[in-house]
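Visitor: Next one to model:
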Amino acid sequence: MKESIFSRLKRRVDFGYLVALLISLAVALLIGAGILALTGRDPLKAFASLLGGSFSSPAYFGNMLEYAMVLCLCGLACDVGSRVGIFNVGGEGQLLLGGLVGAQIGVWMNGMSPWIVIPCAALGAIVTGGIYAFIPGVLKVKLKVNEVITTIMLNSVAVFICAFFAKGPWKNPSPRITEGTSVLAQDYMLTKLIPRSNLSTAILVSAVLTFLVWYILQKTTKGYEMRLVGDNPRFARFAGLKADRIVIVAMIVSGMMCGLTGMFRVYGAIGKYQSSISNEYYFEGLMVAMIAQYQPIPTIIISLIFAILKLGAMRMEETVGVPIQIYLIIQTAVIFCMAAERGIRAAIQKRREKRAAERDVQTRREGGAAHE
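Guide: Numbers count the residues shown, from 1 in each chain. Predicted coordinates:
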């Protein structure tokens, strides 16, 4: 008998997770509505602006997609590391360093063809991010140093390095700019897909990269080997896999993706390196990955949801006067609810099993009484 489309979809999609996500969003919006009502705001008017703000103009829509792209790439970088059991918290530093090196390559190569400069800048950002992620990866594998501690500390080191170069050797010569590299030539900026927005052709490259990450993790032998290393390193070694090498390579790839994201921010939106190329975007991407349970497709979906809420909150602040912090409250509530998702599902399943057992006992009793 041929399997129905619904059956195949049910087998591949975790509907329990999707229901938990929708419930979490609903609870978060209710919490936000309660806060708005207590402060004398109209929740319906505020949420109409919040949910529709990202679509209120082409510029807002473009900025929303660009922000979703950044969150998605950062989240996928977390997914790659998590697949082998390593927790890359250092993506923020890798992103900043990638952006800095990519920007300065554009400054050094000023006057050359964009077809040469942009690939070189991307390569420089990728290599920089990869090298910076290689350090905690090797420390984890060779010396068993906790990668959470090393990556957090390396984040701070990266911030200081970037500040040193952006205020010192690579500083913009303009006295009005206290921190930042020279502005890139306009020819080097990636083509805008929507005028007056940050959305550039970087999103096309990001889409291809997202597909490759999904395909490798979900459909290839390498993805299976990565999962095996993350789930059971001892068995992976017993099976003949070079677990240490797989972990290090995964960490390098995670850092490379972060470095490339920094380059996209410089060449697609800002036009030069400055610390604002990332406002802790990696940590938001990390939260996206955690909520998505480190799965590529949910990472894409949740990145879009968070981007719609973030840009909608900016629009809401402009039109209704509600502070953008309401978005942070909603985001935090979603994270709390999703953190409890497994426990809630386990409690619901236990309750269902208890009720089923009680019904079974009741049925047996009724059957015994009828027999008598």
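Visitor: Contacts only, for A292.
Guide: Taking Cβ atoms under 8 Å, 6 or more residues apart in numbering as the criterion, A292 is in contact with G75, D79, P298, T299, I301, I302. C-beta coordinates here come from the backbone N, C-alpha and C atoms, glycine included.
Visitor: hmm, 10 Å instead?
Guide: Applying Cβ atoms under 10 Å, 6 or more residues apart in numbering to A292 gives the contacts 17, 21, 72, 75-76, 78-79, 298-303, 338.
Visitor: Return the subset of the residues you listed lying in helices.
Guide: Among those, the ones falling in helices (DSSP state H) are 17, 21, 72, 75-76, 78-79, 298-303, 338.
Visitor: Would you mind giving these as TSV with distance to R245 and neighbour count added?
Guide: As requested, the ones in helices among the contacts of A292 are exported to TSV (distance: Cβ to Cβ, whole Å; neighbours: other Cβ atoms under 10 Å):
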residue	distance to R245	neighbour count
Y17	32	18
L21	35	21
C72	27	30
G75	25	31
L76	21	31
C78	21	26
D79	19	26
P298	28	21
T299	25	29
I300	29	20
I301	32	17
I302	31	26
S303	30	26
M338	33	23
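Visitor: And those residues, which is closest to I149?
Guide: Nearest to I149 among those is C78, at 17.0 Å by Cβ to Cβ.
Visitor: Was I right to think the closest one contacts Q293?
Guide: No: the pair C78 / Q293 is not scored as a contact, 11.1 Å apart, by Cβ atoms under 10 Å.
Visitor: what do these two both touch?
Guide: T299.
Visitor: For the stretch 51-200 of the chain, give me the ranges with low pLDDT.
Guide: Along the stretch 51-200 of the chain, segments meeting pLDDT under 70 are nowhere present.
Visitor: Helices along that one, start to end?
Guide: Under the criterion DSSP state H, counting those that start in this stretch, helices of the stretch 51-200 of the chain are mapped to 58-83, 91-108, 114-143, 147-167.
Visitor: closest to V334 out of the ones you listed?
Guide: When the helices of the stretch 51-200 of the chain are compared by Cβ to Cβ, helix 58-83 sits nearest V334, at 13.5 Å.
Visitor: The closest one packs against which elements?
Guide: Contact partners of helix 58-83 among helices and strands, from 3 or more Cβ pairs under 10 Å, 6 or more residues apart in numbering; DSSP states H and E: helix 91-108, helix 114-143, helix 202-219, helix 221-231, helix 243-265, helix 281-291, helix 296-319.
Visitor: Go through it and flag the buried ones.
Guide: Across helix 58-83, burial judged by 16 or more other Cβ atoms under 10 Å covers 60-83.
Visitor: And for stretch 224-243?
Guide: For stretch 224-243, burial by neighbour count (16+ other Cβ under 10 Å) applies to E225, M226, R227, L228, V229, G230, P233, A236, L241, A243.
Visitor: quick check, distance from that stretch to the centre of its chain.
Guide: Counting by Cα atoms, centre = their mean, to the nearest Å, stretch 224-243 is centred 26 Å from the centre of its parent chain.
Visitor: Alpha carbons of it, as PDB, please.
Guide: This file holds the C-alpha atoms of stretch 224-243, laid out as PDB (Å, rounded to 0.1, in the frame of the first residue of the first chain):
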ATOM      1  CA  TYR A 224      26.000  10.600  10.000                       C
ATOM      2  CA  GLU A 225      29.600  10.300  11.200                       C
ATOM      3  CA  MET A 226      29.300  13.800  12.800                       C
ATOM      4  CA  ARG A 227      26.200  12.700  14.600                       C
ATOM      5  CA  LEU A 228      27.800   9.500  15.700                       C
ATOM      6  CA  VAL A 229      30.800  11.400  17.100                       C
ATOM      7  CA  GLY A 230      28.500  13.800  19.000                       C
ATOM      8  CA  ASP A 231      26.300  11.000  20.400                       C
ATOM      9  CA  ASN A 232      28.900   8.500  21.300                       C
ATOM     10  CA  PRO A 233      32.600   9.400  20.800                       C
ATOM     11  CA  ARG A 234      33.900   6.100  22.200                       C
ATOM     12  CA  PHE A 235      31.800   4.000  19.800                       C
ATOM     13  CA  ALA A 236      32.800   6.300  17.000                       C
ATOM     14  CA  ARG A 237      36.500   5.600  17.700                       C
ATOM     15  CA  PHE A 238      35.800   1.900  18.000                       C
ATOM     16  CA  ALA A 239      34.100   2.000  14.600                       C
ATOM     17  CA  GLY A 240      37.200   3.400  13.100                       C
ATOM     18  CA  LEU A 241      36.200   7.100  12.800                       C
ATOM     19  CA  LYS A 242      38.800   9.800  13.400                       C
ATOM     20  CA  ALA A 243      36.700  11.500  16.000                       C
END
